[in-house]
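Q: Any chance you could fold what I've pasted below:
(one chain, ligands or ions: 1)
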Amino acid sequence: MGFFVTSIDWVLNNARANSLWPLTFATSCCGIEMMHTVASDNDIARFGSEVFRGSPRQADLLICAGTITHKMAPVLLRLYEQMAEPKYVIAMGACTCGGGMFCDHSYSVVRGIDKIIPVDVYLPMCPPKPEALIDAVRKLQKKIVKTESVSKRKEFVNSHSSKLMQNGELLTEVKS
Ligand code: SF4
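A: Model prediction:
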């Protein structure tokens, strides 16, 4: 029985990993690099991720490209919750990963989207080049194929919220 479950997981994970559909979600300058990744010079279609969707219900990869403000946080959370399961997140750029240049003095910028949603791959540069984003997608693909199963995925998502609650870091105002 275990053999069949493992084999089914392997087939499903390979299918998922090679057909990640990103949500079109760019809030600032990193978004330009994300758009460049789709263009013919870099051609993210080689890795099965060219189908950027306008609706979260048709996407399973959130590439968060740009600064997230506290005002934007509820929108980010809502979009994430509306995405198809299992869903994955790449935090693109220093601003998304930890607040970037706004980390010290801004009152409005969230210091990392992992205060709101779980992140699979961090890409902390300013801005990350298209090659770096492709590398992040490849890392995510490897992670999905090697380590993922539906139950492990649920554990990962649940552990994110409980860890933040324990540390008192969860941005509860995003729920309002
Ligand atoms: S990391 Fe740099 S390029 Fe990306 S959104 Fe922040 S300031 Fe802009």
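Q: what does the helix or strand of the chain with the lowest mean pLDDT contact?
A: Counting by mean pLDDT, DSSP states H and E, the chain has its least confident helix or strand at helix 150-167, which shows a mean of 75. Applying Cβ atoms under 8 Å, 6 or more residues apart in numbering, the external contacts of helix 150-167 come out as 9, 85-86, 114-115, 117-118, 170. No exception for glycine: its C-beta is placed from N, CA and C like everyone else's.
Q: Contacts only, for Gly99.
A: 106, 109-112.
Q: Weed out the non-buried ones from the residues you listed.
A: The neighbour-count criterion (16 or more other Cβ atoms under 10 Å) marks 106, 109-112 among those as buried.
Q: any chance of the residues you listed in CSV, with secondary structure and pLDDT too?
A: As requested, the buried ones among the contacts of Gly99 are exported to CSV (DSSP: H, G, I helix; E, B strand; the rest coil; pLDDT from 0 to 100):
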residue, secondary structure, pLDDT
Ser106, coil, 91
Val109, strand, 94
Val110, coil, 94
Arg111, coil, 93
Gly112, coil, 92
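Q: okay if I get those as TSV plus distance to the ligand?
A: Rendered in TSV, the data for these read as follows (distance: Cβ to the nearest ligand atom, whole Å):
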residue	distance to the ligand
Ser106	11
Val109	9
Val110	12
Arg111	13
Gly112	12
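Q: Out of these, which is nearest to Leu61?
A: The shortest distance between Leu61 and any of these, using Cβ to Cβ, involves Gly112 and amounts to 18.8 Å.
Q: pretty sure that closest one is in contact with Cys97, am I right?
A: Yes: in terms of Cβ atoms under 8 Å, Gly112 counts as a neighbour of Cys97; the distance is 5.9 Å.
Q: how about the helices in this structure?
A: Taking DSSP state H, the helices of the chain run over residues 2-17, 30-38, 73-82, 94-98, 130-147, 150-167.
Q: Tell me which of the ones you listed sits most buried.
A: Comparing the helices of the chain on average neighbours per residue, with mean count of other Cβ atoms under 10 Å, the densest one is helix 94-98 at a mean of 25.
Q: shaky segments in this protein?
A: 1-5, 148, 165-176 (pLDDT under 70).
Q: which parts of it sit against the ligand?
A: For the chain, the residues found near the ligand under the criterion Cβ under 6 Å from any ligand atom are 28-30, 66-67, 93-95, 100-101, 126-127.
Q: Buried ones only from the residues you listed, please, as a PyMOL command.
A: This is the PyMOL syntax for the buried subset of the residues of the chain next to the ligand, where burial follows 16+ other Cβ under 10 Å:
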select buried, resi 28+30+66+67+93+94+95+100+127
